[in-house]
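[1] How does the following fold in three dimensions:
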Amino acid sequence: MISKNQLKLIHALEQKKQRKKNGLFLVQGEKNVGELFNSDFTVKQLFATSSYINKNSRALNEFGLVSLTIEATEDELKKAGTLISNNSVLAVVECKIMPLPQIQKDELILVLDQVGDPGNLGTIIRVADWYGIKHIICSPDCADFYNPKVIAASMGSFARVQVSHTDLSEYLSQQSMAIYGAFLEGENIHKANLNKSAFIVMGSESHGISPEIEKFISHKMTIPSFGGAESLNVAMATGIIVDNFKR
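    Down below sits the predicted model:
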């Protein structure tokens, strides 16, 4: 059973300021919680149905989570969580301090400028994981990595991709590798000479890359259009651009 105090904490963690204050965030659903088992995240508490506990008893034992697991009903989990489909398990997890990465040989790092939609950030994390990109650097006004919607949209990839929030001007000013940026008036990416080691900057759908960050871009690129659509979703555009780099 989920106590009133536990329920209060779970609901509080839907808010960014409470996640920051408590140093905790929520992971919901069987798929995403399962990704925690082999990650370096620290689970503080697990709320799960009896059927989930029985089904995953070996894993719970193996990863030392039995003593942290509290049995709950499906109705309790639905009331506690933010996902309509979450009816089996919810975890309260310790936030990590993500160090800023130093780019390595043959590495791509995604840089996100003002990508505020949690669903887009979660999908971009999933795209990065698919293409083996380990690091994403976000501006402070991007969606919070620990937002429940970001974690849900990443479909478990949050456990393998390191996401940091920092001042992009300061970070990019210290880099010597090529910095590519997505612009409507950039070079056709199909014809561009793309480096194996590079930063790829993506801006918000509504404003694009901000002028403060544009001055650090060494290569402007665009995805050519063959139809009548006005624009692409930033997560979709990120996937297309990364695919061209990997090819």
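[2] Pro92 is in contact with Phe41, isn't it?
    To be clear, residue 92 is Val; Pro isn't right here. No - counting by CB atoms under 8 Å, Phe41 is not a contact partner of Val92; they are 11.0 Å apart. The way it works is simple: take the backbone N, C-alpha and C, and place the C-beta from them, glycine included.
[3] So for the worst-scoring helix or strand of the chain on mean pLDDT, what gets flagged as buried?
    The helix or strand of the chain with the poorest confidence is helix 74-80; it has a mean of 90 (mean pLDDT, DSSP states H and E). For helix 74-80, a neighbour-count test (16 or more other CB atoms under 10 Å) marks Glu76, Leu77, Ala80 as buried.
[4] any idea how far the second one is from Arg19?
    It stands for Leu77. 19 Å (CB to CB, to the nearest Å).
[5] ditto for the first one
    Shown here: Glu76 relative to Arg19, a distance of 21 Å by CB to CB.
[6] Over to the last one?
    Ala80 sits 15 Å away from Arg19 when distances are taken as CB to CB.
[7] So what sits opposite Met221 in the bridge?
    Assessed by DSSP bridges, Met221 has beta-bridge partners Glu187.
[8] Count the neighbours of the residue nearest to Phe158 when sequence neighbours are not counted for me.
    With CB to CB, 6 or more residues apart in numbering as the criterion, Phe158 has its nearest non-adjacent residue at 5.3 Å, and that residue is Ile151. Residues near Ile151, counting by other CB atoms under 10 Å, number 28.
[9] Identify the residues contacting Ile151.
    Counting by CB atoms under 8 Å, 6 or more residues apart in numbering, Ile151 touches Phe25, Leu26, Val27, Gln28, Asn32, Gly122, Phe158.
[10] Ok, Ile189 next?
    By CB under 8 Å, 6+ apart, the neighbours of Ile189 are Met221, Thr222, Ile223, Pro224, Ile240, Ile241, Asn244.
[11] Pull the number of nearby residues for the fourth one.
    The reference is to Pro224. Using other CB under 10 Å, Pro224 has 8 neighbouring residues.
[12] For the residue nearest to it when sequence neighbours are not counted, give its distance to Ile124.
    Counting by CB to CB, 6+ apart, Pro224 lies nearest to Asn188, which is 5.1 Å off, once chain neighbours are set aside. Taking CB to CB as the measure, Asn188 falls 22 Å from Ile124.
[13] pLDDT of stretch 207-215, averaged?
    This predicted structure assigns stretch 207-215 an average pLDDT of 96.
[14] Quick one: end-to-end length of it, please.
    Stretch 207-215 has an end-to-end distance of 15 Å (CA to CA, to the nearest Å).
[15] how about it: buried residues?
    Along stretch 207-215, the positions that meet the burial threshold by neighbour count (16+ other CB under 10 Å) are Gly208, Ile209, Ser210, Ile213.
[16] Please tell me how far the first one sits from Ile133.
    For Gly208, the distance to Ile133 (CB to CB) stands at 21 Å.
[17] hang on, the earlier thing: just checking, the residue nearest to Pro224 touches Ser225?
    No - with contact defined as CB under 8 Å, Asn188 does not reach Ser225; the gap is 10.4 Å.
[18] which residues touch Met221?
    With contact taken as CB under 8 Å, 6+ apart, Met221 is in contact with Tyr180, Gly181, Ala182, Phe183, Gly186, Glu187, Asn188, Ile189, Ala192, Ile241.
[19] how about the third one, secondary structure?
    With DSSP: H, G, I helix; E, B strand; the rest coil as the basis, Ala182 sits in strand.
[20] Spatially nearest residue to Lys149 (excluding sequence neighbours)?
    Take Lys149 and drop its neighbours on the chain: the residue closest to it by CB to CB, 6+ apart is Pro118, 3.6 Å away.
[21] Done for today, thanks.
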